[in-house]
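> only geometry, no sequence info:
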(Lines give C-alpha, C1' and ligand atoms only; values in the text may rest on other atoms or scores of the structure.)
Protein backbone atom coordinates (compact mmCIF):
# COMPACT_ATOMS: atom_id res chain seq x y z
CA UNK A 1 0.00 0.00 0.00
CA UNK A 2 3.01 2.25 -0.06
CA UNK A 3 2.52 5.21 -2.38
CA UNK A 4 4.15 8.29 -3.81
CA UNK A 5 3.00 11.86 -3.31
CA UNK A 6 0.35 13.40 -5.51
CA UNK A 7 0.88 16.97 -6.75
CA UNK A 8 -0.02 19.53 -4.10
CA UNK A 9 1.17 23.10 -3.64
CA UNK A 10 0.36 25.75 -1.06
CA UNK A 11 -0.72 29.28 -1.84
CA UNK A 12 -1.22 31.14 -5.10
CA UNK A 13 1.71 33.48 -4.37
CA UNK A 14 3.78 34.39 -1.29
CA UNK A 15 1.88 36.55 1.18
CA UNK A 16 3.33 39.14 3.52
CA UNK A 17 3.58 37.99 7.11
CA UNK A 18 3.90 34.24 6.40
CA UNK A 19 6.76 32.58 8.28
CA UNK A 20 8.05 29.22 7.01
CA UNK A 21 9.99 26.58 8.96
CA UNK A 22 11.28 23.20 7.73
CA UNK A 23 12.50 20.01 9.36
CA UNK A 24 13.53 16.58 8.04
CA UNK A 25 11.88 13.60 9.72
CA UNK A 26 10.15 10.33 8.77
CA UNK A 27 12.12 10.24 5.50
CA UNK A 28 10.50 13.47 4.30
CA UNK A 29 10.37 17.21 4.96
CA UNK A 30 7.83 18.67 7.37
CA UNK A 31 7.00 22.37 7.09
CA UNK A 32 5.15 24.83 9.28
CA UNK A 33 3.66 27.98 7.75
CA UNK A 34 2.60 30.58 10.32
CA UNK A 35 0.78 33.86 9.69
CA UNK A 36 0.46 36.87 11.97
CA UNK A 37 2.79 35.83 14.80
CA UNK A 38 5.94 37.33 16.25
CA UNK A 39 8.86 35.65 14.43
CA UNK A 40 10.70 34.71 17.61
CA UNK A 41 7.60 33.18 19.18
CA UNK A 42 6.64 31.40 15.94
CA UNK A 43 10.12 29.92 15.61
CA UNK A 44 9.98 28.57 19.16
CA UNK A 45 6.55 27.04 18.55
CA UNK A 46 7.66 25.46 15.28
CA UNK A 47 10.76 24.05 16.99
CA UNK A 48 8.60 22.36 19.63
CA UNK A 49 6.34 20.97 16.91
CA UNK A 50 9.34 19.48 15.10
CA UNK A 51 10.56 17.99 18.38
CA UNK A 52 7.19 16.25 18.61
CA UNK A 53 7.69 14.70 15.17
CA UNK A 54 11.11 13.39 16.19
CA UNK A 55 9.62 11.82 19.32
CA UNK A 56 6.86 10.18 17.29
CA UNK A 57 9.32 8.75 14.79
CA UNK A 58 11.22 7.04 17.59
CA UNK A 59 8.01 5.34 18.71
CA UNK A 60 6.29 4.57 15.41
CA UNK A 61 8.96 3.69 12.84
CA UNK A 62 9.49 0.02 12.12
CA UNK A 63 13.01 0.88 10.96
CA UNK A 64 14.14 2.09 14.40
CA UNK A 65 15.23 -0.70 16.77
CA UNK A 66 13.28 -0.84 20.02
CA UNK A 67 10.46 1.36 18.72
CA UNK A 68 7.02 0.14 19.72
CA UNK A 69 6.33 -1.02 16.17
CA UNK A 70 9.68 -2.83 15.81
CA UNK A 71 8.99 -4.63 19.09
CA UNK A 72 5.49 -5.52 17.93
CA UNK A 73 6.79 -6.99 14.68
CA UNK A 74 9.32 -9.05 16.66
CA UNK A 75 6.76 -10.67 18.96
CA UNK A 76 6.43 -14.42 19.00
CA UNK A 77 3.06 -15.98 18.10
CA UNK A 78 0.50 -15.28 20.85
CA UNK A 79 2.82 -12.61 22.22
CA UNK A 80 1.53 -9.49 23.96
CA UNK A 81 3.03 -6.13 24.86
CA UNK A 82 2.14 -2.76 26.31
CA UNK A 83 2.21 0.16 23.88
CA UNK A 84 2.96 3.81 24.32
CA UNK A 85 -0.06 6.10 23.88
CA UNK A 86 0.95 7.20 20.37
CA UNK A 87 1.51 3.70 19.00
CA UNK A 88 -1.74 2.49 20.55
CA UNK A 89 -3.62 5.49 19.17
CA UNK A 90 -2.19 4.94 15.68
CA UNK A 91 -3.10 1.26 15.65
CA UNK A 92 -6.60 2.04 16.94
CA UNK A 93 -7.10 4.57 14.14
CA UNK A 94 -5.67 2.11 11.60
CA UNK A 95 -8.22 -0.45 12.74
CA UNK A 96 -11.01 2.11 12.41
CA UNK A 97 -10.04 3.09 8.86
CA UNK A 98 -9.53 -0.54 7.88
CA UNK A 99 -13.09 -1.26 9.00
CA UNK A 100 -14.53 1.80 7.24
CA UNK A 101 -12.83 0.87 3.95
CA UNK A 102 -13.66 -2.85 4.20
CA UNK A 103 -9.98 -3.69 4.44
CA UNK A 104 -8.72 -1.49 1.60
CA UNK A 105 -6.57 0.31 4.18
CA UNK A 106 -4.34 -2.07 6.11
CA UNK A 107 -1.08 -1.36 7.94
CA UNK A 108 -0.22 -5.09 8.15
CA UNK A 109 0.55 -5.45 4.44
CA UNK A 110 4.33 -5.41 4.94
CA UNK A 111 4.86 -9.13 4.32
CA UNK A 112 3.01 -8.98 1.00
CA UNK A 113 4.98 -5.94 -0.14
CA UNK A 114 8.26 -7.69 0.64
CA UNK A 115 7.26 -10.72 -1.41
CA UNK A 116 5.57 -9.05 -4.39
CA UNK A 117 7.42 -5.78 -4.98
CA UNK A 118 10.96 -4.56 -5.34
CA UNK A 119 12.07 -1.39 -3.55
CA UNK A 120 11.10 0.71 -6.61
CA UNK A 121 7.62 -0.90 -6.78
CA UNK A 122 8.30 -3.21 -9.71
CA UNK A 123 6.82 -6.70 -9.68
CA UNK A 124 8.82 -9.65 -8.42
CA UNK A 125 8.14 -13.23 -9.49
CA UNK A 126 7.43 -15.09 -6.26
CA UNK A 127 6.25 -18.68 -6.23
CA UNK A 128 2.60 -19.23 -5.19
CA UNK A 129 3.63 -20.62 -1.80
CA UNK A 130 5.45 -17.39 -0.92
CA UNK A 131 2.36 -15.35 -1.77
CA UNK A 132 0.11 -17.60 0.32
CA UNK A 133 2.44 -17.35 3.30
CA UNK A 134 2.57 -13.55 3.06
CA UNK A 135 -1.21 -13.31 2.64
CA UNK A 136 -1.64 -15.43 5.76
CA UNK A 137 0.36 -12.81 7.71
CA UNK A 138 -1.80 -9.92 6.47
CA UNK A 139 -4.89 -8.50 8.15
CA UNK A 140 -5.82 -6.39 11.15
CA UNK A 141 -7.64 -9.41 12.58
CA UNK A 142 -4.23 -10.76 13.62
CA UNK A 143 -3.99 -7.96 16.22
CA UNK A 144 -6.06 -7.69 19.38
CA UNK A 145 -6.05 -4.22 20.94
CA UNK A 146 -6.88 -3.81 24.62
CA UNK A 147 -7.93 -0.25 25.36
CA UNK A 148 -8.05 -0.77 29.12
CA UNK A 149 -4.45 -1.96 29.37
CA UNK A 150 -3.32 -0.11 26.24
CA UNK A 151 -1.77 -3.30 24.95
CA UNK A 152 -1.67 -5.35 21.76
CA UNK A 153 -1.64 -9.11 21.34
CA UNK A 154 -0.80 -11.04 18.20
CA UNK A 155 -2.52 -14.33 17.49
CA UNK A 156 -0.88 -17.43 16.08
CA UNK A 157 0.45 -15.42 13.13
CA UNK A 158 2.62 -12.30 13.53
CA UNK A 159 1.84 -9.62 10.92
CA UNK A 160 4.37 -7.03 9.79
CA UNK A 161 3.06 -3.59 10.75
CA UNK A 162 4.17 -0.50 8.84
CA UNK A 163 2.55 2.82 9.77
CA UNK A 164 4.00 4.64 6.76
CA UNK A 165 0.56 5.18 5.23
CA UNK A 166 -0.77 6.89 8.35
CA UNK A 167 2.24 8.06 10.35
CA UNK A 168 2.86 11.40 8.61
CA UNK A 169 -0.79 12.41 8.90
CA UNK A 170 -0.79 11.44 12.56
CA UNK A 171 2.35 13.50 13.14
CA UNK A 172 0.80 16.51 11.40
CA UNK A 173 -2.27 16.28 13.65
CA UNK A 174 -0.10 16.09 16.75
CA UNK A 175 1.91 19.11 15.58
CA UNK A 176 -1.31 21.07 15.06
CA UNK A 177 -2.49 20.11 18.56
CA UNK A 178 0.77 21.36 20.04
CA UNK A 179 0.67 24.61 18.05
CA UNK A 180 -2.89 25.13 19.24
CA UNK A 181 -1.62 24.88 22.83
CA UNK A 182 0.85 27.61 21.89
CA UNK A 183 -2.12 29.73 20.70
CA UNK A 184 -0.84 29.84 17.13
CA UNK A 185 -4.11 30.75 15.42
CA UNK A 186 -3.24 30.75 11.71
CA UNK A 187 -1.02 27.86 10.65
CA UNK A 188 -0.63 25.21 7.96
CA UNK A 189 1.47 22.09 8.57
CA UNK A 190 2.41 19.47 6.02
CA UNK A 191 4.53 16.34 5.91
CA UNK A 192 6.10 15.78 2.52
CA UNK A 193 3.29 17.83 0.89
CA UNK A 194 1.08 14.72 1.01
CA UNK A 195 -0.28 15.14 4.55
CA UNK A 196 -1.74 18.54 5.44
CA UNK A 197 -3.75 20.27 8.13
CA UNK A 198 -4.58 23.96 8.34
CA UNK A 199 -6.25 26.07 10.99
CA UNK A 200 -7.27 29.70 10.80
CA UNK A 201 -7.07 31.65 7.54
CA UNK A 202 -5.08 34.15 5.56
CA UNK A 203 -6.50 37.67 5.13
CA UNK A 204 -9.37 37.74 2.65
CA UNK A 205 -9.54 33.93 2.42
CA UNK A 206 -11.76 31.26 3.89
CA UNK A 207 -8.66 29.32 4.92
CA UNK A 208 -5.23 28.47 3.52
CA UNK A 209 -5.10 28.16 -0.29
CA UNK A 210 -4.00 24.78 -1.64
CA UNK A 211 -3.71 23.85 -5.31
CA UNK A 212 -4.11 20.29 -6.61
CA UNK A 213 -2.49 19.60 -9.97
CA UNK A 214 -2.56 16.78 -12.50
CA UNK A 215 0.08 14.14 -11.71
CA UNK A 216 0.90 13.78 -15.40
CA UNK A 217 0.72 17.49 -16.25
CA UNK A 218 1.58 19.63 -13.22
CA UNK A 219 0.55 22.80 -15.07
CA UNK A 220 -3.04 21.53 -15.24
CA UNK A 221 -4.91 22.61 -12.09
CA UNK A 222 -7.62 20.22 -10.93
CA UNK A 223 -8.82 22.11 -7.87
CA UNK A 224 -8.06 25.12 -5.71
CA UNK A 225 -9.17 24.81 -2.11
CA UNK A 226 -9.17 27.01 0.96
CA UNK A 227 -8.43 24.57 3.77
CA UNK A 228 -9.45 25.47 7.31
CA UNK A 229 -9.75 23.21 10.36
CA UNK A 230 -9.48 20.10 8.20
CA UNK A 231 -6.89 17.73 6.83
CA UNK A 232 -5.93 16.99 3.24
CA UNK A 233 -4.12 13.86 2.11
CA UNK A 234 -2.72 12.96 -1.28
CA UNK A 235 -1.56 9.60 -2.63
CA UNK A 236 -0.35 8.61 -6.06
CA UNK A 237 1.38 5.80 -7.92
CA UNK A 238 3.02 6.36 -11.28
CA UNK A 239 1.88 4.34 -14.27
CA UNK A 240 4.01 1.24 -14.69
CA UNK A 241 4.45 0.77 -10.97
CA UNK A 242 2.28 -1.31 -8.70
CA UNK A 243 0.67 -1.29 -5.28
CA UNK A 244 -0.83 -4.12 -3.25
CA UNK A 245 -4.52 -4.59 -2.56
CA UNK A 246 -4.44 -6.01 0.99
CA UNK A 247 -7.87 -7.58 0.52
CA UNK A 248 -6.79 -9.82 -2.33
CA UNK A 249 -3.04 -9.95 -1.82
CA UNK A 250 -2.52 -9.11 -5.48
CA UNK A 251 -0.66 -6.25 -7.17
CA UNK A 252 -2.65 -3.45 -8.78
CA UNK A 253 -1.16 -1.37 -11.63
CA UNK A 254 -0.32 2.27 -10.96
CA UNK A 255 -1.63 5.29 -12.79
CA UNK A 256 -3.88 6.59 -10.03
CA UNK A 257 -3.82 9.60 -7.75
CA UNK A 258 -6.27 10.60 -5.03
CA UNK A 259 -6.77 13.52 -2.68
CA UNK A 260 -9.03 13.37 0.35
CA UNK A 261 -10.24 16.23 2.50
CA UNK A 262 -11.35 14.98 5.91
CA UNK A 263 -11.66 15.73 9.61
CA UNK A 264 -7.95 15.15 10.26
CA UNK A 265 -4.70 14.66 8.42
CA UNK A 266 -4.59 11.11 9.79
CA UNK A 267 -7.96 10.26 8.26
CA UNK A 268 -7.12 11.98 4.98
CA UNK A 269 -3.82 10.05 4.80
CA UNK A 270 -5.47 6.69 5.39
CA UNK A 271 -8.42 7.18 3.05
CA UNK A 272 -6.30 8.58 0.20
CA UNK A 273 -4.16 5.45 0.48
CA UNK A 274 -7.23 3.22 0.43
CA UNK A 275 -8.49 5.01 -2.68
CA UNK A 276 -5.49 3.62 -4.54
CA UNK A 277 -7.15 0.17 -4.55
CA UNK A 278 -10.86 0.88 -4.00
CA UNK A 279 -13.33 0.69 -6.88
CA UNK A 280 -15.14 3.91 -7.77
CA UNK A 281 -18.38 2.47 -6.44
CA UNK A 282 -16.71 1.80 -3.10
CA UNK A 283 -15.36 5.36 -2.95
CA UNK A 284 -18.79 6.78 -3.73
CA UNK A 285 -20.38 4.66 -1.00
CA UNK A 286 -17.73 5.72 1.51
CA UNK A 287 -18.40 9.40 0.78
CA UNK A 288 -22.15 8.84 1.06
CA UNK A 289 -21.75 7.37 4.54
CA UNK A 290 -19.18 10.02 5.53
CA UNK A 291 -20.57 13.30 4.15
CA UNK A 292 -17.75 15.28 5.80
CA UNK A 293 -15.31 13.61 3.41
CA UNK A 294 -14.39 14.78 -0.11
CA UNK A 295 -12.42 12.75 -2.66
CA UNK A 296 -10.79 13.71 -5.96
CA UNK A 297 -9.63 10.72 -8.02
CA UNK A 298 -7.47 10.80 -11.15
CA UNK A 299 -6.88 7.72 -13.31
CA UNK A 300 -4.62 7.40 -16.34
CA UNK A 301 -6.52 5.77 -19.20
CA UNK A 302 -5.37 4.44 -22.57
CA UNK A 303 -3.03 6.77 -24.39
CA UNK A 304 -2.19 8.67 -21.22
CA UNK A 305 -5.55 10.46 -21.03
CA UNK A 306 -6.52 11.31 -17.46
CA UNK A 307 -10.03 10.65 -16.14
CA UNK A 308 -11.09 12.77 -13.17
CA UNK A 309 -13.81 11.73 -10.70
CA UNK A 310 -15.00 14.14 -8.02
CA UNK A 311 -16.84 13.17 -4.88
CA UNK A 312 -17.68 16.54 -3.34
CA UNK A 313 -14.61 18.32 -4.70
CA UNK A 314 -15.24 21.59 -6.61
CA UNK A 315 -14.15 21.95 -10.21
CA UNK A 316 -11.29 24.27 -11.12
CA UNK A 317 -12.73 27.70 -11.84
CA UNK A 318 -15.66 27.33 -9.43
CA UNK A 319 -14.79 30.34 -7.29
CA UNK A 320 -17.80 30.06 -5.00
CA UNK A 321 -16.95 26.44 -4.25
CA UNK A 322 -13.29 27.33 -3.65
CA UNK A 323 -14.14 29.90 -1.04
CA UNK A 324 -16.35 27.47 0.86
CA UNK A 325 -14.22 24.38 0.37
CA UNK A 326 -13.75 23.81 4.09
CA UNK A 327 -16.12 21.20 5.42
CA UNK A 328 -18.52 22.37 8.09
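That came through fine. Nothing here was measured: the structure is a model prediction, and the numbers come from that model.
> low-confidence stretches in the protein?
1-16, 239-241, 314-328 (pLDDT under 70).
> those helices in it, which residues are they?
Using DSSP state H, the helices assigned to the chain run over residues 39-60, 68-73, 85-100, 110-116, 128-136, 167-181, 265-274, 280-289, 319-323.
> which one, of these, ends up nearest to residue 206?
helix 319-323 (4.9 Å; CB to CB). Where C-beta positions appear, they are placed from N, C-alpha and C, glycine not excepted.
> name the nearest residue to residue 54, ignoring sequence neighbours.
residue 25 (5.8 Å; CB to CB, 6 or more residues apart in numbering).
> over to residue 233?
residue 268 (3.2 Å).
> what about that neighbour, how many residues nearby?
Residue 268 has 30 neighbouring residues, counting by other CB atoms under 10 Å.
> and it, what does it touch?
Listed by CB atoms under 8 Å, 6 or more residues apart in numbering, the contact set of residue 268 reads 169, 195, 196, 230, 231, 232, 233, 260, 261, 262.
> check residue 184 too.
Counted by CB under 8 Å, 6+ apart, residue 184 has contacts 34, 37, 42, 45.
> in TSV: those residues, plus distance to residue 223.
Formatted as TSV, those follow (distance: CB to CB, whole Å):
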residue	distance to residue 223
34	25
37	29
42	29
45	30
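> surely residue 237 meets residue 258?
No - Residue 237 is beyond contact range of residue 258, at 9.8 Å (criterion: CB atoms under 8 Å).
> intersection of neighbour lists for the two?
Joint contacts of residue 237 and residue 258 (CB under 8 Å, 6+ apart) are residue 276.
> how about residue 203, phi and psi?
phi -60, psi 130 (degrees, to the nearest 10).
> burial count for it?
With other CB under 10 Å as criterion, residue 203 counts 10.
> same deal with the one 4 residues further on?
When neighbours are counted by other CB under 10 Å, residue 207 registers 23.
> just give the nearest non-adjacent residue to it, would you?
Counting by CB to CB, 6+ apart, residue 228 is the residue found nearest to residue 207 once chain neighbours are left out, at 3.0 Å.
> now the one you found: how far from residue 312?
16 Å (CB to CB, to the nearest Å).
> these two: which is more packed in?
Neighbour count, other CB under 10 Å: between residue 228 and residue 312, residue 228 has more, with 21 against 16.
> how deep is residue 292 tucked in, by neighbour count?
Close neighbours of residue 292, defined as other CB under 10 Å, add up to 13.
> that one contacts residue 260, doesn't it?
No - using CB under 8 Å, residue 292 is not in contact with residue 260, being 10.9 Å away.
> report the central residue of this protein.
With distances taken as CA atoms, centre = their mean, residue 269 lies nearest the centre of the chain, 2.0 Å away.
> wait, residue 90 touches residue 165, no?
No - at 10.7 Å, residue 90 and residue 165 do not qualify as touching, with contact defined as CB under 8 Å.
> quick check: closest non-adjacent residue to the residue nearest to the centre of the chain.
Of all residues not flanking residue 269 in the chain, residue 169 sits nearest, at 3.0 Å (CB to CB, 6+ apart).
> wait, the one you found touches residue 264, no?
Yes - under the criterion of CB under 8 Å, residue 169 makes contact with residue 264 at 7.1 Å.
> between the two, which contacts overlap?
residue 231.
> so between the two, which is more surrounded?
Using other CB under 10 Å, the more surrounded residue of residue 169 and residue 264 is residue 169, with 31 against 18.
> quick one: residues contacting that one.
191, 195, 231, 233, 264, 265, 266, 267, 268, 269, 270.
> so which of the residues you listed is the most crowded?
residue 269 (34 neighbours).
> how far away is that residue from residue 208?
18 Å.
> one more: residue 300?
Per CB to CB, residue 300 is found 29 Å from residue 208.
> what about those two, which has more around it?
In terms of neighbours (other CB under 10 Å), residue 208 is the more surrounded of residue 300 and residue 208; the figures are 27 against 20.
> please give me every residue in contact with that one.
Listed by CB under 8 Å, 6+ apart, the contact set of residue 208 reads 10, 11, 33, 188, 198, 200, 201, 202, 226, 227, 228.
> surely the fourth one and residue 30 touch.
So that's residue 188. No - Residue 188 lies out of contact with residue 30 (CB under 8 Å); the separation is 11.5 Å.
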